[in-house]
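Undergrad: when you get a sec, could you give me coordinates for this:
(one chain, ligands or ions: 1)
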Amino acid sequence: MSKELIIDGVNMVSLAKATGTPVMVFSQTEMENKLAAFKKHLVSDKFETQVLYAGKAFTCPAMLELVKAAGCGLDTVSGGEVDIAFRANFPMEKIFFHGNNKTPFEIHQALLSGVGTFVIDSEIELENVIAIANETGMSTQAVIRINPHISAHTHKYDVTADRDSKFGISIDKPEVMLGMIEKINACGKLVFKGFHAHIGSQIFDKGAFVTEIDTMVGLMADLEKQGVKIPWLDIGGGFAATYTEDDAPIPVPEVCETIITAAESAVERYGVSLEKLFIEPGRSIVAEAGITLYTIGGFKNTYSKKYIFIDGGMSDNIRPALYQAKYNCDVANRMDEEKCDVVTVAGKCCESGDVIIEDIAVQEAEVGDVLAVYTTGAYGYSMASNYNRIGRPPVVFVKDGSARCVIRRETYADMAILECSEQLDV
Ligand SMILES: Cc1ncc(COP(=O)(O)O)c(C=O)c1O
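TA: Numbers count the residues shown, from 1 in each chain. This next block holds a predicted model:
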């Protein structure tokens with residue numbers, strides 16, 4: 001018998017048989033270790049620190065349990081993410097609420113559910129938050145998102161801090177920031193805490209974070225000279241993960257050390273009094289912990305390609321189509337066989353662009369074999385859709401030889417539940 005893929009003590013071929021495919025599998029141990037590593041290494045004796053897990057990478061109540069157990073906070077970006085945290089009994093005071101266009105409904109909901117900190121993206125949003133805080137009588141803390149105009153050399157869809165980015169207040173507009181801080185302080189319902197920036201995702205370059213910290217602390221120093229106290233700095237996330245052998249992400253201890261050293265040095269040089277530093281890792285916590293198992297349903301040879309067809313595709317992983325993301329894979333039931341077949345892994349969606357991996361060497365497979373695509377833990381399930389009316393796959397956490405389904409497979413009945421015929425009064 002051929003060697004089979006084992007993740008966190010669980011045989012992936014047996015798991016695929018038990019759940020059916022496609023299925024997304026996460027090593028719980030890997031996620032716990034990553035959360036613990038960020039927590040352990042992001043420490044300073046000059047200021048407090050806090051790790052906020054960026055839930056947009058992947059979230060569900062079981063994931064939030066791990067985040068809570070690790071003592072981390074949570075970065076949310078929509079009413080839906082605030083809701084899932086509330087229902088999972090997540091400590092709401094440890095939540096940051098992001099987003100460049102929070103709706104009045106979401107602002108209401110977040111205030112009423114006790115979200116600890118709003119990251120304010122614009123002047124209009126600030127007016128809305130103040131109005132709704134007054135209306136509901138609820139209070140919260142406010143951080144202003146700044147666009148520091150820093151390039152981190154990521155894919156263009158991952159760039160969040162170029163001059164024309166939709167996010168935040170341009171660093172060139174201190175007068176706008178000062179006006180916003182004045183309004184926050186005057187309104188009586190919000191407490192101004194500081195600044196946030198996020199310079200992109202899948203960042204390999206330590207220097208980008210150093211530049212970001214230096215730029216942000218420099219800004220804090222400029223504004224402090226005008227009598228404003230800025231206790232918090234949140235530098236966002238963006239730490240890279242390994243998708244293929246070409247990727248060399250900065251190890252967690254090293255990236256944390258870089259951040260702490262840069263922040264301590266900048267605080268000293270600029271003479272600012274930073275009380276608390278936040279980071280928001282998402283991808284780096286869940287990406288490598290996740291794999292997707294598919295069943296191979298067929299092959300096709302074209303003029304220059306050999307396709308392997310899998311029973312999922314862009315509906316469970318849009319990243320190759322959206323970002324030209326690259327992945328690695330194995331035939332999970334042939335782990336000890338030579339990777340001598342060059343194939344293109346195509347999904348079942350009705351799009352030519354539904355290709356998960358282009359021209360990759362894998363073990364020679366047969367129909368019915370299980371294909372494991374690695375590093376699918378971040379922005380896979382959370383970006384999954386029902387395109388072509390395909391249900392989203394189940395999610396299974398594995399740990400020390402045992403497996404636990406934490407999101408079940410989406411059925412036709414689940415999809416049908418939204419259908420209706422309701423007369424509208426317009
Ligand atoms: C504001 C903010 N914080 C954190 C993150 C998480 O980034 P990553 O998953 O690359 O760590 C993102 C992702 O886009 C973000 O927009």
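Undergrad: can you name the residues of the stretch 151-300 of the chain sitting close to the ligand?
TA: Residues of the stretch 151-300 of the chain lying near the ligand by Cβ under 6 Å from any ligand atom: 160, 198, 201, 236-239, 280-284. Using the backbone N, CA and C atoms, a C-beta is placed for each residue, glycine as well.
Undergrad: now those residues in a markdown table, with secondary structure, neighbour count and pLDDT?
TA: Formatted as a markdown table, these follow (DSSP: H, G, I helix; E, B strand; the rest coil; neighbours: other Cβ atoms under 10 Å; pLDDT from 0 to 100):
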| residue | secondary structure | neighbour count | pLDDT |
| --- | --- | --- | --- |
| Thr160 | coil | 21 | 63 |
| His198 | coil | 27 | 97 |
| Ser201 | coil | 27 | 94 |
| Gly236 | coil | 28 | 98 |
| Gly237 | coil | 24 | 98 |
| Gly238 | coil | 28 | 97 |
| Phe239 | strand | 27 | 97 |
| Glu280 | coil | 27 | 98 |
| Pro281 | coil | 28 | 98 |
| Gly282 | coil | 25 | 98 |
| Arg283 | helix | 25 | 98 |
| Ser284 | helix | 28 | 98 |
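Undergrad: where does this protein dip in pLDDT?
TA: Scanning the chain for pLDDT under 70 picks out 153-161.
Undergrad: re the thing from before, farthest-apart pair in the residues of the stretch 151-300 of the chain next to the ligand, please.
TA: Pairwise distances across those peak at 16.0 Å for Thr160 and Ser284 (criterion: Cβ to Cβ).
Undergrad: so how far is the ligand from Asp311?
TA: When distance is defined by Cβ to the nearest ligand atom, to the nearest Å, Asp311 is 27 Å away from the ligand.
Undergrad: ok, Ser113 next?
TA: In terms of Cβ to the nearest ligand atom, Ser113 sits 20 Å off from the ligand.
Undergrad: that residue - how many residues pack around it?
TA: Neighbour count of Ser113, defined by other Cβ atoms under 10 Å: 18.
Undergrad: pretty sure it is touching Met92, no?
TA: Yes - here Ser113 lies in contact with Met92, judged by Cβ atoms under 8 Å, at a distance of 5.8 Å.
Undergrad: hey, what's in contact with both of those two?
TA: Contact criterion Cβ atoms under 8 Å, 6 or more residues apart in numbering; residues shared by Ser113 and Met92: Phe86.
Undergrad: residue closest to the middle of the chain?
TA: By Cα atoms, centre = their mean, the mean C-alpha position of the chain lies nearest to Ala57, the distance being 2.5 Å.
Undergrad: contact partners for that residue?
TA: Neighbour list for Ala57: 282-283, 285-287, 377-379, 382 [criterion: Cβ under 8 Å, 6+ apart].
Undergrad: okay if I get those residues as JSON lines plus distance to Thr19 and secondary structure?
TA: As requested, the contacts of Ala57 are exported to JSON lines (distance: Cβ to Cβ, whole Å; DSSP: H, G, I helix; E, B strand; the rest coil):
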{"residue": "Gly282", "distance to Thr19": "25", "secondary structure": "coil"}
{"residue": "Arg283", "distance to Thr19": "25", "secondary structure": "helix"}
{"residue": "Ile285", "distance to Thr19": "23", "secondary structure": "helix"}
{"residue": "Val286", "distance to Thr19": "19", "secondary structure": "helix"}
{"residue": "Ala287", "distance to Thr19": "21", "secondary structure": "coil"}
{"residue": "Gly377", "distance to Thr19": "17", "secondary structure": "coil"}
{"residue": "Ala378", "distance to Thr19": "21", "secondary structure": "coil"}
{"residue": "Tyr379", "distance to Thr19": "22", "secondary structure": "coil"}
{"residue": "Ser382", "distance to Thr19": "20", "secondary structure": "helix"}
